[in-house]
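[1] Following is a predicted model, sequence given first.
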Amino acid sequence: MIYDTIRQRAARHHLDIFGAFHAGTDDGCAPGTLIMLSPLEPGFWAHVTAEPELTDGAPDPIDRWSSRIIGGLADTLGGAAHFPFDGPPYAPFIAWAKRTGRAWASPVGMLVHDTAGLMISIRGAILLPGRIDLPPAPAVSPCAGCAQHCLTACPIGALGSEPYDVPACHAYLDTPQGADCLTGGCLVRQICPVSQRFGRDAAQSAHYMRHFHR
């Protein structure tokens with residue numbers, strides 16, 4: 001019941017529960033139940049771009065919106081908010097994502113999620129004291145049995161089975177050929193079958209690519 005209540009309250013802000021787990025002292029946070037939040041699709045981008053932080057012209061609008069909304073949810077739930085952009089030191093969000101049982105290392109190295117695919121965007125987490133009942137996590141990664149076209153989707157091979165070649169990616173984005181990636185999002189992320197079902201607005205991917213490439 002508590003889990004469902006949190007999900008319903010998050011949904012009012014177009015957020016969804018990315019995953020959750022019972023945290024211990026080895027998880028880099030206090031013991032309790034860690035609830036991770038990510039965009040609820042479709043519709044997140046239309047919602048968030050109408051919020052004050054996205055229209056005031058100040059830096060880091062998405063992070064400021066996340067701090068306000070998730071921080072407010074944490075306060076009402078009697079928990080503590082954590083954010084991937086607070087630091088250094090930074091909270092171990094990648095390790096936390098894997099601990100939920102709903103995210104795995106993909107063939108191209110980045111995390112893949114059971115419903116978001118390679119379109120992962122964790123906006124923050126709420127640590128609740130004590131343990132609440134959690135739904136079971138999927139048994140296997142969505143990559144199991146997949147044709148894994150992500151390994152060959154990058155037109156210059158910057159992202160595949162080898163470590164991510166960030167300089168090559170940036171150089172390609174500076175060319176006319178890289179315009180599709182810059183305005184529509186990484187082709188590797190897009191080709192994932194789970195990503196394609198997720199419903200993210202291309203304008204949101206373009207926003208992230210601009211900030212990645214600036």
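    Everything's here; your move.

[2] in this structure, which spans are strands?
    Remark: strands assigned in the chain by DSSP state E are 15-23, 32-39, 80-82, 103-105, 111-113, 124-128.

[3] show me where this structure has helices.
    For the chain, applying DSSP state H gives helices covering 2-11, 44-48, 61-77, 93-99, 166-173, 179-184, 187-191, 193-198, 202-213.

[4] so which of the ones you listed comes closest to L128?
    helix 61-77 (6.3 Å; Cβ to Cβ). Bear in mind the C-beta positions are built from the backbone N, C-alpha and C, glycine included.

[5] Next, the buried residues of the closest one.
    Buried positions in helix 61-77, judged by neighbour count with 16 or more other Cβ atoms under 10 Å: 61-67, 69-70, 73-74, 77.

[6] got it, and stretch 175-182?
    For stretch 175-182, by 16+ other Cβ under 10 Å, it's 178, 181-182.

[7] hmm, who's touching that stretch?
    155, 172-173, 187, 206, 209-210, 213 (Cβ atoms under 8 Å, 6 or more residues apart in numbering).

[8] repeat for stretch 68-84
    6, 9-10, 13, 15, 29-30, 32, 34-35, 37, 53, 63, 66-67, 90-91, 93, 122-129.

[9] JSON lines please, covering the buried residues of stretch 175-182 and showing pLDDT.
    Converted to JSON lines, those look like this (pLDDT from 0 to 100):
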{"residue": "G178", "pLDDT": "94"}
{"residue": "C181", "pLDDT": "93"}
{"residue": "L182", "pLDDT": "92"}
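
[10] Could you let me know which of these ends up closest to K98?
    C181 (26.8 Å).

[11] so which of the strands of the chain comes closest to D201?
    It's strand 32-39; of the strands of the chain, that one is closest to D201 (Cβ to Cβ) at 9.6 Å.
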